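Undergrad: Any chance you can model this:
(chains A and B)
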Amino acid sequence: GQQVMQIPQYQHVQEGEDFTTYCNSSTTLSNIQWYKQRPGGHPVFLIQLVKSGEVKKQKRLTFQFGEAKKNSSLHITATQTTDVGTYFCAGFSTSGTYKYIFGTGTRLKVLA
Amino acid sequence: DTGVSQDPRHKITKRGQNVTFRCDPISEHNRLYWYRQTLGQGPEFLTYFQNEAQLEKSRLLSDRFSAERPKGSFSTLEIQRTEQGDSAMYLCASSPGQGLNTEAFFGQGTRLTVV
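TA: Reported below is the predicted structural model:
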């Protein structure tokens, strides 16, 4: 079945350093979404990418969707302690149903 | 509160007992999802409804699991004869259901502990 992997699994950075997480799908995706889950919380939607090669920015966050629509990345510039949490990508299946396949997640810790 | 609501927030049950969780999606959201999340893992898809129709069910869901959305509004997830391996966070999400490109809104989840 369709699988979505993320690397790295964990990342510890000093406040002010940059952070990147990568997402890879075993199959071509219709679109990809990114979610953030704070410790003890639930996933919260960040953004959706639809077009091949698309790049979107939200303040310090930059999201990319690969040309083949099988991979994506999230880059955070100058991390802050408020960025702490687990970042998940979620691929939207093209198999005819409308389910999101979540990646394994990258847990980010920011050291002040 | 107009977000996705789940009840209860926590459930502790003895092995072998049945449990039922409820999810109230955002009003007028056509699609409703159930996911299961264990510590350190991403949410795993369990099942999905379009209005009252259950359109897909994961192979992860054994016969002990059943979900309903009788009137296309709230949904229930029942686990019969619970096992320790069922201990997890059960998340419900809803989306507007307009085409392929919609975000999912998650509830706070129900944390199940089977002892």
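Undergrad: what about residue 23, helix or strand, and which?
TA: No chain was given, so I picked chain A. If you go by DSSP states H and E, A:C23 is part of strand A:19-25.
Undergrad: meant chain B, my bad for not saying
TA: Using DSSP H and E, B:C23 falls in strand B:19-24.
Undergrad: Can you mark which positions in that strand are buried?
TA: The neighbour-count check on strand B:19-24 (16 or more other C-beta atoms under 10 Å in any protein chain shown) flags B:19, B:21, B:23-24 as buried. Where you see a C-beta, it was placed from the backbone N, CA and C, and this is true even at glycine.
Undergrad: Can you narrow these down to the ones near chain A?
TA: Of the residues in the buried residues of strand B:19-24, proximity to chain A by C-beta under 8 Å from any C-beta of the partner chain holds for none.
Undergrad: Could I get those residues in a markdown table, plus columns for pLDDT?
TA: Converted to a markdown table, these look like this (pLDDT from 0 to 100):
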| residue | pLDDT |
| --- | --- |
| B:V19 | 98 |
| B:F21 | 98 |
| B:C23 | 98 |
| B:D24 | 97 |
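Undergrad: just to revisit the earlier point, which strands or helices does the strand holding B:C23 pack on?
TA: Applying 3 or more C-beta pairs under 8 Å, 6 or more residues apart in numbering or on different chains; DSSP states H and E, one finds that strand B:19-24 contacts strand B:5-7, strand B:10-13, strand B:75-79, strand B:88-95, strand B:110-114.
Undergrad: what about B:V114, how many residues close to it?
TA: 19 (other C-beta atoms under 10 Å in any protein chain shown).
Undergrad: quick one: strands adjacent to the helix or strand bottoming out on mean pLDDT in chain B?
TA: Scoring the helices and strands of chain B by mean pLDDT, DSSP states H and E places strand B:53-57 at the bottom, with a mean of 90. If you go by DSSP bridges, strand B:53-57 pairs up with strand B:44-50 (antiparallel).
Undergrad: Identify the residues contacting residue 43.
TA: Just going to use chain A. Taking C-beta atoms under 8 Å, 6 or more residues apart in numbering or on different chains, we find A:P43 in contact with A:35-37, A:88, A:102, B:43, B:91, B:93, B:104, B:106.
Undergrad: nope, chain B please
TA: A:43, A:88, A:102, B:35-37, B:91.
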